[in-house]
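K.L.:
just the structure for this:
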Amino acid sequence: MLEVAYWGYGLAAVAYLIFGVYAFLAWRGGAAGAALLGAIATSCLWALTAAAYARTADPMLIGLSALLDAVRTGAWYAFLIILLRTISDRPARWPAMVAALIVAAQLVSLGLEAVGAGSPMSDLIPLRPVFGAWLAQAVFGLMLVEQLYRGVPAASRWAIKPLCIALGAGYIFDLYLFADGSLFGQVDEDVWAMRGVANALLLPLIAMSGARNPSWTLRMSMSREMVFHSTALAVSGLYLLVISAVGYYVRYFGGDWGRALQLTLLFAGLVLLGMLLFSGSQRARLRVFINKHLFPYRYDYRNEWLRFTQALASAGGGLDLGQSVIKALADLVESPAGSVWLRNADGRFSMHARLNQPSSDVSEPADSPLCRFLDEQEWIINLEEYRLSPAQYGTLRLPEWLSVLQGAWLVVPLKGSGALIGFVVLNAPRVPFEIDWEVLDLLKTAQRQAAGYLERMQAAEALLEARKFDSFNRMSAFVVHDLKNLVAQLSLMLKNAERHKHNPEFQQDMLETVAHAEARMRGLMSQLQEKRSIDPPRLVDLVEIARGVCRSKRGQRPEITLLDEIEQPVEVLAHPERLERIIGHVVQNALDATDDDGIVTIRVADGDSGRVRLTVEDTGCGMAPDFLRERLSRPFQTTKTSGMGIGVFETRQYVNEIGGALRFDSEVGRGTLVTVDLPRGNRGNARQVPEMEPVNG
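P.N.:
Below you'll find the predicted structure:
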């Protein structure tokens, strides 16, 4: 067993030495790194003296090994305590005090046993006081590891986890070794012999944490080729062990055929292993797996993602969103130019934006092989790779325009919420750029965010276009409604012309009516073309507006009665033509609902709280309560056979726009009372009110 201990502790000493030299060369200062170097150095000396004792059986060496074991315990304690202090704003002092007491107990127990035992030095280890001190060091070490793991934030534990596993496993091994020795009064030689191998096996985990924690100021890394070949060797060895175990099982239970089946299985296993070892695709998969899980990433993803998001968010500073998407994706692979192709209304993909690339009138059908491949596979097409090995892309056949597109290099799909919305064609970089799995993963993730931005852009454009059409349709409806009233007015004039065409007063009234209708229609045409109010709001006399409405309606039956209960002018802030139009709508509705022998009355009076009130009352047919409540103020709702249902809707919106209120009181068979309350205007605020956009503009 001493031979096993010699090789085990010797392996541990060599491993600690190599790791210590490498860590020393990688050290750039820092307390944590210095403590780790001290722990590695004392561990190396401890393993070296233990290996020397196993070779020579010199009792002095076992005592020296035990002494170095206590010293290395203190070194590892110091390393853990320094790490605990780095993760706490107010570190406690008790861990350092307890660690010092335990190390002192180890040293004192060794000293007492050496002085008072009166036995050879080789008898020091089996004595119980030493076991108690070493048991305490294992228990306290586990406590420190547990405190360190719990103190690190959950998001950062991946960096410290290998170290905690390694040290925790080492302390558990010591706990078992010395608990067994304390129970039986002597060390289990087999367990003690394997202690060196166990410590050597833990070093890769400690090195992994060192590489993951730059704060220790240890710039540690390992050659990817070395890890690749070591992993391939380990996997091959594990594979052979499995094959051997299966072969043994077959031979043991196979009867007369057992040995033949075993040889056949071993031969087939070796052939399969050779195929795997010499398979380029399998080696590539293994290399990608190792690079993904054992090495730092090629990119600083936090910086890359912040830069990519900023590039998309900065659209408008000389670049539109399409160009920003091109630039953001191109910067990830050092590409100088590109173009983005989006789906049109006809279902074809055409160039939407370009950056440092000539324009193209080519369009690609949505059901073409290229678009189907991008939609189904979501692969990034490397055109150089496609030209060299098209079989890697299956049955894909690229369109002719893409094959001859100058400088084309990568085709990146833009797939949003389940559908392909477009793709980006990037030009070749200025210098050679390696496309590996990490670049492809980064581009795939980035394209999804870019596709989301483009989807929202398309949705916003569609919504804006729909709103423009809605606004235009509403404006057209208002204009048609006004034209209908003008046509009705002209029709009535022509109807009366047969009887009164020789009357000079009628002729004068006809000319005024035609001039008024012409001015109104010209104003409506300007409003329809320019989409804005014809005149700014100003102070207007409400009584004069009411009189103008009465004049425009003369000749219609019943006659309109105007009652002015206010002596001074009644001024309100409004657009004269629009106010006259909406009051005309109300009066025309009253005339249409009232028989020729009925009564229509317009009254202007003082309202409440400094407001002025205009009422239009008729003795017509009236309206039902449910129509008043549910349908009156909605557009395209009317009780008239030839009406459009726009007048009341426009009236209510404009009255609300200028700060007024509109109210209807009606009863079937008894008529309707329409009340319009408007705020009084004054000369002081007439110039301060900006021009109001009309509802139908």
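K.L.:
okay, now the unreliable bits of the stretch 51-200 of the chain?
P.N.:
Scanning the stretch 51-200 of the chain for pLDDT under 70 picks out 89, 114-128, 155.
K.L.:
all helices of it, in order?
P.N.:
59-86, 94-116, 128-151, 157-184, 189-193, 195-212 (DSSP state H, counting those that start in this stretch).
K.L.:
show me what the second one is packed against.
P.N.:
This means helix 94-116. In terms of contacts (3 or more C-beta pairs under 8 Å, 6 or more residues apart in numbering; DSSP states H and E), helix 94-116 is packed against helix 59-86, helix 128-151. Yep, even glycine has a C-beta here, placed from its N, CA and C like the rest.
K.L.:
looking at these, which is buried most?
P.N.:
Each of the helices and strands packed on helix 94-116 was scored by mean neighbour count; the highest is helix 59-86, a mean of 21, by mean count of other C-beta atoms under 10 Å.
K.L.:
ok now stretch 607-617, how far from the chain's centre?
P.N.:
Stretch 607-617 has its C-alpha centroid displaced from the chain centroid by 56 Å (C-alpha atoms, centre = their mean, to the nearest Å).
K.L.:
quick revisit: now the helices of the stretch 51-200 of the chain as TSV including distance to Q447?
P.N.:
Below are these laid out as TSV (distance: least, C-beta to C-beta, whole Å):
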stretch	distance to Q447
helix 59-86	39
helix 94-116	50
helix 128-151	38
helix 157-184	27
helix 189-193	57
helix 195-212	30
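K.L.:
quick check, central residue of this protein?
P.N.:
Nearest to the geometric centre of the chain sits Q449, at 7.0 Å (C-alpha atoms, centre = their mean).
K.L.:
quick one, grab the pLDDT at that residue.
P.N.:
Note for Q449: predicted pLDDT of 85.
K.L.:
which helix or strand contains it?
P.N.:
Taking DSSP states H and E as the definition, Q449 sits inside helix 437-500.
K.L.:
quick one: low-confidence parts of the stretch 401-550 of the chain?
P.N.:
The model of the stretch 401-550 of the chain has pLDDT under 70 over residues 468-469, 471-482, 484-485, 489, 523-524, 526-536.
K.L.:
one more pass at 80, please.
P.N.:
Residue ranges of the stretch 401-550 of the chain with pLDDT under 80: 403-404, 416-418, 430-434, 436-438, 457-462, 464-502, 505-510, 512-513, 515-537.
K.L.:
now for the helix or strand following the helix holding Q449, which elements pack on it?
P.N.:
Sequence order places helix 504-530 as the next helix or strand after helix 437-500, per DSSP H and E. Using 3+ C-beta pairs under 8 Å, 6+ apart as the contact test, the elements touching helix 504-530 are helix 437-500.
K.L.:
what's the spacing between the helix it packs on and its chain's center?
P.N.:
Computed by C-alpha atoms, centre = their mean, the chain-centroid distance of helix 437-500 equals 31 Å.
K.L.:
can you show me the strands along the stretch 201-350 of the chain?
P.N.:
According to DSSP state E, counting those that start in this stretch, the stretch 201-350 of the chain carries its strands in the segments 338-343, 348-355.
K.L.:
just the mean pLDDT for the longest one, thanks.
P.N.:
The average pLDDT for strand 348-355 rounds to 89.
K.L.:
picking up where we left off before, nearest to L614, of the helices of the stretch 51-200 of the chain?
P.N.:
Closest to L614 of the helices of the stretch 51-200 of the chain is helix 157-184 (C-beta to C-beta; 76.1 Å).
K.L.:
give the buried residues for that closest one.
P.N.:
For helix 157-184, burial by neighbour count (16 or more other C-beta atoms under 10 Å) applies to 159-171, 173-175, 177-178, 181-182.
K.L.:
next one: the residue sitting furthest away from the middle of the chain from M510, what distance?
P.N.:
In the chain, counting by C-alpha atoms, centre = their mean, H502 sits farthest out from the average C-alpha position, at 80.0 Å. From H502 across to M510, the span is 12 Å (C-beta to C-beta, to the nearest Å).
K.L.:
again with N589
P.N.:
25 Å.
K.L.:
neighbour-wise, which of those two wins?
P.N.:
The residue with more neighbours, out of N589 and M510, is N589; 22 against 19, by other C-beta atoms under 10 Å.
K.L.:
what sits against that one?
P.N.:
Remark: with contacts taken as C-beta atoms under 8 Å, 6 or more residues apart in numbering, N589 is in contact with G647, V648.
K.L.:
N344 and M351 touch, don't they?
P.N.:
No: at 10.4 Å, N344 does not count as touching M351 under the criterion of C-beta atoms under 8 Å.
K.L.:
okay, those two: which has more neighbours?
P.N.:
Shown here are N344 and M351; by other C-beta under 10 Å, M351 has more neighbours (20 against 12).
K.L.:
what's opposite that one in the beta bridge?
P.N.:
M351 has these beta-bridge partners by DSSP bridges: W341.
K.L.:
helices along the stretch 201-350 of the chain, start to end?
P.N.:
Assigned by DSSP H, counting those that start in this stretch, the helices in the stretch 201-350 of the chain fall at 224-253, 258-277, 280-294, 301-313, 321-332.
K.L.:
ranking the ones you listed by mean pLDDT, which is last?
P.N.:
Looking at those, the bottom one is helix 280-294 with a mean of 60.
K.L.:
next, R603: phi, psi?
P.N.:
Main-chain dihedrals, R603, degrees, to the nearest 10: phi -130, psi 130.
K.L.:
which residues does it contact?
P.N.:
L562, L563, D564, E565, R613, L614, T615, E617.
K.L.:
what about 6 Å?
P.N.:
R603 sits next to L563, T615 when contact means C-beta atoms under 6 Å, 6 or more residues apart in numbering.
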